[in-house]
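In: my questions concern the predicted model and sequence given below.
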Amino acid sequence: MQQIRLVGGRPLQGSVAVLGAKNAVLKHMVATLLAPGHHVLGNVPRILDVTVMGEVLHHVGAFCTREGNELTIEVPEEPLAEAPLEMVRRMRASILILGALLARRGEARVALPGGDDFGARPIDMHLDGLEAMGAEFRLNHGVLEGSAPDGLHGTDIALDFPSVGATENVLLAAVLATGTTLIRNAAREPELTDLAEMLIRMGAKIEGAGTSTIEVHGVAALQPTYHRVVPDRLEAGTYALAGAITGGTVTVTNCVPDHLRMELRKMNDAGCVVTTNIDSITVSGPDRPSPVDLATLPFPGFHTDMHPQMVALLSVAAGTSLLTENVYESRFRYIGELGRMGADIHADGQHVVVRGVETLSGCEVDGCDIRAGAALVLAGLRADGETVVTEAHHIARGYDGFVAKLAAMGASIQAH
Ligand code: UD1
């Protein structure tokens, strides 16, 4: 998918089902490396990042096959201790292979990770945590080489910030380490809790996942398992906002409304009518949203990955909103693109001032990352005339059937 062309002005109506979370399934795929044998993941989305992670696993000797929404992974007795450098550079989630390979092989070689361009995204907390467990690292011509000559051991780790990736990397290493690991100031994201649930099913001893202190009692070996991936709250939230920005009514099914509590509260504050059921959310958008102030924070705060889509909604609010980005130092490239569509938005440091305009006008814009691309499509659904979102392959990294799902709810939209 190179570009998405759409014509705005049609209120979306209908329902859309979401699949498993990108930010969970990629980690679950890595977690399978902890136990040789036959694993099955259910509710797996058909997205590019899953394909790339499949290639990463293939490189270390695991074999993925897909049937419908189920992904089967055959993990060898001895996975290779080196991740494919180019792929790790392309996808940040693959850095988790470090913890898994150190736990299984006592050594690991990976490239320093890349990922979306949100400013510096260091991995110092990942490395500090693993070092505290007995790993040693050295950087050799851009390749990070890790080893745990005497094996990994449990310890007391306090993260500077509740980093999702650092918590996960330490968790993957700790489940097979000797003794007890405490992870303090741990991330509490639902995708991480889901990873812990999968590991527990594999035989790991983990307490406190979903709270700020996770306690892991290392075990000698784990077994393969079946696990159904937690629904994608970002996909759910994006479709809810797509309905809202068009003044339509969208029901998102197969999701967990509780995982979007803060985001739904802010949609409600913006004048949307939000109702939830046990596994569905219905959002009706107002003619013109009300302005809302918000700050992104780790879960259960407003998710940074919902920020661009929310700014798209607020760009047509009747008033001025203030958004503060607390997770990344910069993820504002999409603002210039929204500006080309007539939005009046200014970023100053971590703060974004969104002065609502009455109308947006369609034009060609650059969908520079997954959520930026989604936000620009949402803006296009509201805009007059045709919008063309280029670099749309980013959207395919994180959304399964994005264009088809929006078209099924009445959008005039095509992928090229
Ligand atoms: C994950 C998600 C990403 C989401 C983010 C925050 C995946 C594949 N990606 O990314 O979509 O936006 O959580 O919810 O799950 N940091 C450091 N040092 C570290 C680690 C992180 O300074 O060692 C900083 C990062 O630069 C960033 C902040 O901490 O500013 C949060 O990062 P983190 O929670 O680790 O995000 P990811 O796990 O990379």
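Out: Great, that's in hand.

In: mind giving me the packing neighbours of whatever helix or strand residue 263 lives in?
Out: Using DSSP states H and E, residue 263 maps to helix 261-269. If contacts are counted by 3 or more Cβ pairs under 8 Å, 6 or more residues apart in numbering; DSSP states H and E, helix 261-269 sits against helix 233-245, strand 273-276, strand 281-284, helix 307-314. For the C-beta atoms, the positions are set from N, CA and C on the backbone; glycine is no exception.

In: what is the burial count for the closest residue to residue 166 other than its chain neighbours?
Out: Nearest residue to residue 166 in three dimensions, chain neighbours excluded: residue 125, at 3.7 Å (Cβ to Cβ, 6 or more residues apart in numbering). By other Cβ atoms under 10 Å, 20 other residues sit near residue 125.

In: endpoints of stretch 257-266, how far apart?
Out: End-to-end distance of stretch 257-266 (Cα to Cα, to the nearest Å): 14 Å.

In: what sits up against that stretch?
Out: 190, 230-231, 233, 236-237, 240, 274, 276-281, 283, 292, 294, 300-303, 306, 310 (Cβ atoms under 8 Å, 6 or more residues apart in numbering).

In: likewise for stretch 317-331?
Out: 116, 118-121, 270, 288-298, 301, 304, 307-308, 310-311, 314, 332, 350-356, 369, 371-372.

In: and the residues you listed, which are buried?
Out: 116, 118, 121, 270, 289, 291-292, 294-298, 301, 304, 307-308, 310-311, 314, 332, 350, 352, 354, 356, 369, 371-372 (16 or more other Cβ atoms under 10 Å).

In: related to what we said a few turns ago, average model confidence for the helix holding residue 263?
Out: Mean pLDDT, helix 261-269: 98.

In: angle of it against helix 307-314?
Out: If you take axes from the mean of the first three to the mean of the last three Cα atoms, to 10 degrees, helix 261-269 sits at 10 degrees to helix 307-314.

In: begin at 395 from here
Out: Sure, I'll start numbering at 395, so the last one becomes helix 655-663.

In: just the terminal-to-terminal distance for stretch 631-646.
Out: Termini of stretch 631-646 sit 8 Å apart (Cα to Cα).

In: ok, back up a step: including distance to residue 597 and mean pLDDT, could the helices and strands packed on helix 655-663 go into CSV?
Out: Putting these into CSV (distance: least, Cβ to Cβ, whole Å; pLDDT from 0 to 100) gives the following:
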stretch, distance to residue 597, mean pLDDT
helix 627-639, 28, 98
strand 667-670, 35, 98
strand 675-678, 35, 98
helix 701-708, 38, 98
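
In: picking that back up, the ligand next: which of the buried ones among the contacts of stretch 711-725 are close?
Out: 515, 698 (Cβ under 6 Å from any ligand atom).

In: where helices are concerned, which of the buried ones among the contacts of stretch 711-725 count?
Out: 701, 702, 704, 705, 708, 765, 766 (DSSP state H).

In: name the nearest of the residues you listed relative to the ligand.
Out: residue 765 (8.1 Å; Cβ to the nearest ligand atom).

In: who's in contact with residue 440?
Out: Residue 440 neighbours (Cβ under 8 Å, 6+ apart): 413, 794, 795.

In: neighbour-wise, which of these leads?
Out: That'd be residue 413 among those, by other Cβ under 10 Å, with 22 neighbours.

In: how about that one: what's its closest non-neighbour residue?
Out: residue 439 (4.0 Å).

In: repeat that for residue 702.
Out: Closest to residue 702 by Cβ to Cβ, 6+ apart is residue 769, at 3.6 Å.

In: pretty sure the one you found contacts residue 705?
Out: Yes. Between residue 769 and residue 705 there is a contact under Cβ atoms under 8 Å: 6.6 Å.

In: all helices of the stretch 445-594 of the chain, in order?
Out: For the stretch 445-594 of the chain, applying DSSP state H, counting those that start in this stretch gives helices covering 479-484, 491-499, 518-526, 558-568, 584-595.

In: redo those helices as JSON lines? Include mean pLDDT and distance to residue 471.
Out: Formatted as JSON lines, those follow (pLDDT from 0 to 100; distance: least, Cβ to Cβ, whole Å):
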{"stretch": "helix 479-484", "mean pLDDT": "78", "distance to residue 471": "23"}
{"stretch": "helix 491-499", "mean pLDDT": "95", "distance to residue 471": "10"}
{"stretch": "helix 518-526", "mean pLDDT": "95", "distance to residue 471": "23"}
{"stretch": "helix 558-568", "mean pLDDT": "97", "distance to residue 471": "18"}
{"stretch": "helix 584-595", "mean pLDDT": "98", "distance to residue 471": "19"}
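
In: to residue 454, which of the ones you listed lies closest?
Out: Closest approach to residue 454 among those is made by helix 491-499 (7.3 Å; Cβ to Cβ).

In: got the angle between the closest one and helix 518-526?
Out: 20 degrees.

In: which strands or helices does helix 491-499 pack on?
Out: Against helix 491-499 (3+ Cβ pairs under 8 Å, 6+ apart) you get helix 416-425, strand 501-505, helix 518-526, strand 537-541, helix 558-568.

In: what's the domain layout of this structure?
Out: What automatic domain parsing lists as the domains of the chain is 397-412+625-809, 416-622.

In: spit out the contact partners of residue 608.
Out: 561, 565, 576, 577, 580, 590, 600, 601, 602.

In: name the helix or strand for it, please.
Out: strand 607-611.
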